[in-house]
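# predicted coordinates and the sequence they were generated for:
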Amino acid sequence: MRFGAAVLRSYEDPFALEEVILNAGPAEGEVLVRIAGCGMCRTDLAVRRSAGRSPLPAVLGHEGAGVVVETGGPDTGLGPGDHVVLSFDSCGHCRSCLGAAPAYCERFASLNLFGGRPENAARFTDAAGGALAPRWFGQSSFAAYAMVPARNAVRVDPSLPLELLGPLGCGFLTGAGAVLNSFGAGPGDTVAVFGAGAVGLAAVMAATAAGAVAVAVDRHPERLALAEKLNAVPLHSASADLPGRIRRLTDGGARYALDTTGSVQLINDALRALRPTGHLGLVARLHTALPLEPGTLDRGRKISHICEGDAVPGLLIPRLTGLWQAGRFPFDQLIRTYPLADINEAERDCEEGRVVKPVLIPEGSSR
């Protein structure tokens, strides 16, 4: 099977739209999905800075949504014509997966970060027959089609705008899941969100939907204006005595804080903004040591890392689409669509902060 895909051939070069070849149909437990749209995530772009750890050439993309075309075997739970959102891969058999914590799957790194599933390797090549890296997050959905484990795919209501749903599989899932799952925020709670990008604004929307009060911290006025439109209290990250301002706004301190920035200073500010026994969650990968200022973890405050919003995608994605249908999780307001052929423009706009969440539409997909 031949189809178009955006291929990254080196860490410095732009993406190239190429014809690629899938050399076999779905194996047992797999489904072939025609991609309607795929979100661009910071994790995709971080491959450029991976210092050679991510093999190239590769097809990236891990926020896909589309229509099932073909299934492998009778036990996928899906059929042709089903609309699905694609999320991260997990083994389904380890202690974490069996304990309803697939984001902490013991094989998460090998399954999602180009290790792939060895039983289904070497089926994906470029037009000349050259090998491409194994599937990215079990998807490689910067493409017209993706072959995915059925475990990755979550069936959704066909009346929903399928081309916009992909980011619910990762970026929006991470921010919303941190608030709804990791924190369990509800009415009367306060959530301070540091970084008003896609993950942070998803956290803001989830906090508001849960009845909590959200405070959004960012350095970009346009992002703060968007957070305010989503019912958060906006605060510039350079505000004098930022932790003190948050404590005053939240009557003694936020119960929860979420940092999406990885900034050492903002992480310390977030801890100081918490009330006693408050919880700070980190979602960004830290690349340096994290020095904590004296007193930041006093009085029962705690800090933890949150992966993929502690989500079971098959449970959280339908919850988020239901909130969207009720007008309580307007994630579509964060999205700008681009043809897949314009992937390099989408990357520039993302890196320069001109768009919160780019979504790439393959040629011929419905809009």
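Nice, I can see it. Numbers count the residues shown, from 1 in each chain.
# run through who's touching stretch 226-240.
Stretch 226-240 has contacts (Cβ atoms under 8 Å, 6 or more residues apart in numbering) with 193-194, 196, 200-201, 204-205, 207-208, 213-219, 221, 224-225, 242, 245-246, 249, 266, 330, 333-334, 356. Where you see a C-beta, it was placed from the backbone N, CA and C, and this is true even at glycine.
# from the chain's centre, how far out does that stretch sit?
22 Å (Cα atoms, centre = their mean, to the nearest Å).
# pull out the buried positions in that stretch.
226, 227, 230, 232, 233, 234, 235, 237 (16 or more other Cβ atoms under 10 Å).
# per-residue confidence for the second one?
In this model, residue 227 is scored at 98, pLDDT.
# and after the host helix or strand of it, which helix or strand comes next?
Assessed by DSSP states H and E, residue 227 sits inside helix 221-229. Following helix 221-229 in sequence order, the next helix or strand is strand 233-236 (DSSP H and E).
# strand partners (parallel or antiparallel) of that next one?
Partners of strand 233-236 in the sheet, by DSSP bridges, are strand 213-218 (parallel).
# the inter-axis angle of the partner strand versus helix 221-229?
170 degrees (axes from the mean of the first three to the mean of the last three Cα atoms, to 10 degrees).
# any residues touching strand 213-218, and which ones?
189-196, 200-201, 203-204, 207-208, 223-224, 227-228, 230-237, 242, 246, 249-250, 254, 266, 269.
# if we go to 7 Å?
190-196, 200, 204, 207-208, 224, 227, 231-235, 237, 242, 246, 249-250, 254 (Cβ atoms under 7 Å, 6 or more residues apart in numbering).
# could you do stretch 199-206 as well?
The contact list for stretch 199-206, computed with Cβ under 7 Å, 6+ apart, reads 171-172, 174-176, 178-180, 191, 193, 214, 216, 226-227, 230, 232, 258, 260, 283, 329-331, 334, 356.
# try it again at 6 Å.
171-172, 174-176, 178-180, 193, 214, 216, 227, 230, 232, 258, 260, 283, 329, 334 (Cβ atoms under 6 Å, 6 or more residues apart in numbering).
# among those residues, which ones are in strands?
Among those, the ones falling in strands (DSSP state E) are 193, 214, 216, 258.
# what does the pLDDT read for residue 367?
For residue 367, pLDDT reads 38.
# over to residue 114?
The score at residue 114 is 73. That number is its pLDDT.
# leaving out sequence neighbours, find the closest residue to it.
In this structure, residue 114 finds its nearest non-sequential neighbour in residue 133, 5.0 Å apart by Cβ to Cβ, 6 or more residues apart in numbering.
# and for residue 264, the neighbour number?
15 (other Cβ atoms under 10 Å).
# how near is it to residue 184?
Distance, residue 264 to residue 184, using Cβ to Cβ, to the nearest Å: 27 Å.
# right, and residue 172 touches residue 331 too?
Yes - applying Cβ atoms under 6 Å, one finds residue 172 in contact with residue 331, separated by 5.3 Å.
# neighbour count for these two, which is higher?
Higher neighbour count among residue 172 and residue 331: residue 172, with 31 against 25, using other Cβ under 10 Å.
# check which helix or strand covers residue 141.
Under DSSP H and E, no helix or strand contains residue 141.
# residue 195 against residue 261, yeah?
Yes - Residue 195 is within contact range of residue 261, at 4.2 Å (criterion: Cβ under 6 Å).
# in stretch 106-118, what counts as buried?
Across stretch 106-118, burial judged by 16+ other Cβ under 10 Å covers 107, 108, 110, 111, 112, 113, 114, 115, 116, 117.
# go on, stretch 342-352?
342, 343, 346, 347, 349, 350.
# that older thread, can I get the buried residues of stretch 106-118 in CSV with distance to residue 77?
As requested, the buried residues of stretch 106-118 are exported to CSV (distance: Cβ to Cβ, whole Å):
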residue, distance to residue 77
107, 21
108, 22
110, 24
111, 19
112, 21
113, 26
114, 27
115, 25
116, 22
117, 18
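# still on that earlier bit, whichever of the contacts of strand 213-218 end up buried, select them in ChimeraX.
A single ChimeraX command is used to select the members of the contacts of strand 213-218 judged buried by 16+ other Cβ under 10 Å:
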select :190,191,192,193,194,195,196,200,204,207,208,224,227,232,233,234,235,237,242,246,249,250,254
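# ok, back up a step: quick check, the residue nearest to residue 114 in a strand?
No - counting by DSSP: H, G, I helix; E, B strand; the rest coil, one finds residue 133 to be coil, located in no strand.
# could I get the contacting residues of it?
55, 58, 114 are the contacts of residue 133 under Cβ under 6 Å, 6+ apart.
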